[in-house]
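> I would like the atomic coordinates for the input below:
(one chain, ligands or ions: 1)
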Amino acid sequence: MIRCVSCGEEYDDDEVIYTCEKCGSVLELVNEIDVSKDIFDGRKDNLWKFKECIPVDETKIVSLDEGGTPFCKCDKLGDELGVNLYVKVEGSNPTGSFKDRGMTVGMTKAMELGVSTVGCASTGNTSASLSAYAARAGLRCIVFLPSGKVALGKLAQAMFHGAEVMSINGNFDEALEAMTALALEKHLYLLNSINPYRLEGQKTIGYEIVRDLGWQAPDRIILPVGNAGNISAIWKGVKEFYDAGFIKDLPMMTGIQAEGACPVTNAFRKGDKRVVPVENPETIATAIRIGAPVSDIKALNAIYDSNGYSETVTDEEILDAQKLLARTEGIGVEPASAASIAGLKKLVDEGVVDKGETITCVVTGHLLKDPNTAIDACTKPTEVDADIDTLREILMNK
Ligand code: F0G
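You can find the predicted model right below:
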């Protein structure tokens, strides 16, 4: 069953619907888990090991073996910050971001519904993922990208997998508005995270975090927030496993935004349940350069219901954290992902995070998504002839 998160109106699972017809709010799938967690044991460690908890037809699955991503204990960084730190590395998914979890489920639903065209607006990763899954499913794929604001790796992916890519003169929020209007006119099936099936895939990040901790929740899950789907999805996942009795505690959901694109943090600071959109959002973390997040209600509910928190970080703090994670732990992430690490640092300094807390930072996309930003953050390699005497002298003098 699909249900409106605001007024509770119910819809059939097979209705192609993105927002509530009665009140206009966002929708979610309502599932009850009636299996034992033991059935997940011994299955291949991808997202579909949880198939009983994902409400789509398993004979229609479109998959690239997503999920089952690394869960790295990061003692060097954790000790420096005084916390017990784990990093969930979502850049290890097939197209390099967590979007693949949402897309495998969304594309499976698209096959179930028998649609021929899918579409999304994107800051980059959603389009990279959608175009790959549409290719695998054999569907037409249309993507709208904010002109000049999509990292190179993501653009290459969307183009190379054969999507029809339109560069929109406007920001992500404007591109999404246009794409949604076309979906409502039934020209295509919308696979942005306003589609509740997307979040059914992404909730498995929450499932895996508690599974990887030996069926325990961390004290806190920290992640970047843009369109606000992922924080809502992860909260849904951990809550489902809590309601099923698989875990005894719930984590504090902690959403980090870039200072120049922070409507959710602004709302949290005022105790509001809806955001006031930020006009002209700006940040180096282009993945989260979003001013009017569609899942704001769900995200703020997740933060309030979990006794969580929201904070902003500057572009400089994001770039410093990106380098810190890469150089102390060997984990390469794109700037938006590093917002979670930058946020953790800031919250430790502010005393919001207590010493000794068990923290999971979700890093959402791979370093190679945005090679330009990575190269700009480094000193250029020294150019030198392949002459052993010169090379020895340079190395010895360092
Ligand atoms: N991190 C990365 C790497 C992302 O690509 C996104 C969103 C987020 C975090 C934020 O997640 O929107 O669920 O709050 N990227 C979308 C896209 C908007 O189009 O690829 P969110």
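
> now the strands for this structure?
For the chain, strands defined by DSSP state E occupy the ranges 2-4, 10-11, 27-29, 71-73, 84-89, 117-121, 140-146, 164-168, 189-190, 220-224, 252-258, 309-313, 358-363.

> which one of those lies nearest to the ligand?
strand 220-224 (4.2 Å; Cβ to the nearest ligand atom). C-beta here means a position set from N, CA and C on the backbone, and glycine is covered the same way.

> picking up where we left off before, turn the strands of the chain into a markdown table, including distance to the ligand.
Below are the strands of the chain laid out as a markdown table (distance: least, Cβ to the nearest ligand atom, whole Å):
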| stretch | distance to the ligand |
| --- | --- |
| strand 2-4 | 19 |
| strand 10-11 | 22 |
| strand 27-29 | 14 |
| strand 71-73 | 17 |
| strand 84-89 | 12 |
| strand 117-121 | 7 |
| strand 140-146 | 9 |
| strand 164-168 | 12 |
| strand 189-190 | 13 |
| strand 220-224 | 4 |
| strand 252-258 | 8 |
| strand 309-313 | 12 |
| strand 358-363 | 8 |
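
> okay if I get those strands as a markdown table plus mean pLDDT and mean neighbour count?
A markdown table is the format used below for these (pLDDT from 0 to 100; neighbours: other Cβ atoms under 10 Å):
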| stretch | mean pLDDT | mean neighbour count |
| --- | --- | --- |
| strand 2-4 | 98 | 18 |
| strand 10-11 | 98 | 14 |
| strand 27-29 | 98 | 21 |
| strand 71-73 | 98 | 14 |
| strand 84-89 | 98 | 23 |
| strand 117-121 | 98 | 26 |
| strand 140-146 | 98 | 23 |
| strand 164-168 | 98 | 16 |
| strand 189-190 | 98 | 22 |
| strand 220-224 | 99 | 28 |
| strand 252-258 | 99 | 28 |
| strand 309-313 | 98 | 23 |
| strand 358-363 | 98 | 26 |
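
> quick one: closest of the ones you listed to residue 62.
Closest of these to residue 62 is strand 117-121, at 10.7 Å (criterion: Cβ to Cβ).

> got the residues of the stretch 251-398 of the chain near the ligand?
287, 288, 334, 336, 337, 364, 365 (Cβ under 6 Å from any ligand atom).

> redo those as CSV? Include neighbour count and pLDDT.
Shown next, in CSV, are these (neighbours: other Cβ atoms under 10 Å; pLDDT from 0 to 100):
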residue, neighbour count, pLDDT
287, 30, 98
288, 27, 98
334, 32, 98
336, 33, 98
337, 34, 98
364, 30, 98
365, 30, 98
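
> tell me which of those residues fall in helices.
336, 337 (DSSP state H).

> of all the residues of the stretch 251-398 of the chain next to the ligand, which comes closest to residue 123?
residue 287 (5.0 Å).

> is that closest one in contact with residue 338, as I believe?
No. Using Cβ atoms under 8 Å, residue 287 is not in contact with residue 338, being 10.6 Å away.

> intersection of neighbour lists for the two?
With Cβ atoms under 8 Å, 6 or more residues apart in numbering applied, the contact sets of residue 287 and residue 338 do not overlap.

> quick one: contacts for the residue nearest to residue 89 when sequence neighbours are not counted?
Nearest residue to residue 89, sequence neighbours excluded (Cβ to Cβ, 6 or more residues apart in numbering): residue 70, at 4.3 Å. When contacts are counted by Cβ under 8 Å, 6+ apart, residue 70 touches 88, 89, 92.

> list the residues that contact the last one.
Meaning residue 92. Residue 92 neighbours (Cβ under 8 Å, 6+ apart): 69, 70, 366.

> 10 Å - rerun?
The contact partners of residue 92, by Cβ atoms under 10 Å, 6 or more residues apart in numbering, come to 66, 67, 68, 69, 70, 98, 100, 331, 363, 366.

> residue 23 now?
4, 5, 6, 7, 8, 9.

> tell me the one of the residues you listed nearest the ligand?
Nearest to the ligand among the contacts of residue 23, with distances taken as Cβ to the nearest ligand atom, is residue 5, at 15.5 Å.

> and the closest one, what's its pLDDT?
On the pLDDT scale, residue 5 is placed at 97.

> what's the local residue count around it?
Per other Cβ atoms under 10 Å, the neighbour tally for residue 5 reads 17.

> next, it: phi, psi?
Main-chain dihedrals, residue 5, degrees, to the nearest 10: phi -70, psi -20.

> need the contact list for the closest residue to residue 340 other than its chain neighbours.
Leaving aside its chain neighbours, residue 340 sits nearest to residue 361 (4.2 Å; criterion: Cβ to Cβ, 6+ apart). Contact partners of residue 361, counting by Cβ under 10 Å, 6+ apart, are 72, 74, 77, 83, 85-89, 218, 220-224, 254, 256, 321, 325, 331, 333, 337-344.

> run through the bridge partners of residue 361.
residue 87, residue 222 (DSSP bridges).

> pretty sure residue 264 is touching residue 300, no?
Yes. Contact criterion Cβ atoms under 10 Å: residue 264 and residue 300 qualify, at 6.7 Å.

> between these two, who's got more neighbours?
Between residue 264 and residue 300, counted using other Cβ under 10 Å, the more crowded position is residue 264 (28 against 25).

> what separates stretch 336-356 from the chain centre, distance-wise?
Centroid separation for stretch 336-356 versus its chain: 18 Å, with Cα atoms, centre = their mean, to the nearest Å.

> and it, C-alpha only, in PDB?
The C-alpha trace of stretch 336-356 is given here as PDB (Å, rounded to 0.1, in the frame of the first residue of the first chain):
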ATOM      1  CA  ALA A 336      29.100  16.000  -1.200                       C
ATOM      2  CA  SER A 337      29.900  12.700   0.500                       C
ATOM      3  CA  ALA A 338      32.700  14.400   2.500                       C
ATOM      4  CA  ALA A 339      30.000  16.600   4.100                       C
ATOM      5  CA  SER A 340      29.200  13.800   6.400                       C
ATOM      6  CA  ILE A 341      32.800  13.700   7.700                       C
ATOM      7  CA  ALA A 342      33.100  17.500   7.800                       C
ATOM      8  CA  GLY A 343      29.800  17.500   9.800                       C
ATOM      9  CA  LEU A 344      31.000  14.900  12.200                       C
ATOM     10  CA  LYS A 345      34.100  17.000  12.900                       C
ATOM     11  CA  LYS A 346      32.000  20.100  13.500                       C
ATOM     12  CA  LEU A 347      29.500  18.300  15.800                       C
ATOM     13  CA  VAL A 348      32.400  16.800  17.900                       C
ATOM     14  CA  ASP A 349      33.800  20.400  18.200                       C
ATOM     15  CA  GLU A 350      30.400  21.700  19.200                       C
ATOM     16  CA  GLY A 351      29.800  19.000  21.700                       C
ATOM     17  CA  VAL A 352      26.700  17.700  20.000                       C
ATOM     18  CA  VAL A 353      28.500  14.400  19.400                       C
ATOM     19  CA  ASP A 354      29.700  12.900  22.700                       C
ATOM     20  CA  LYS A 355      33.100  11.200  23.000                       C
ATOM     21  CA  GLY A 356      32.900   7.500  22.500                       C
END
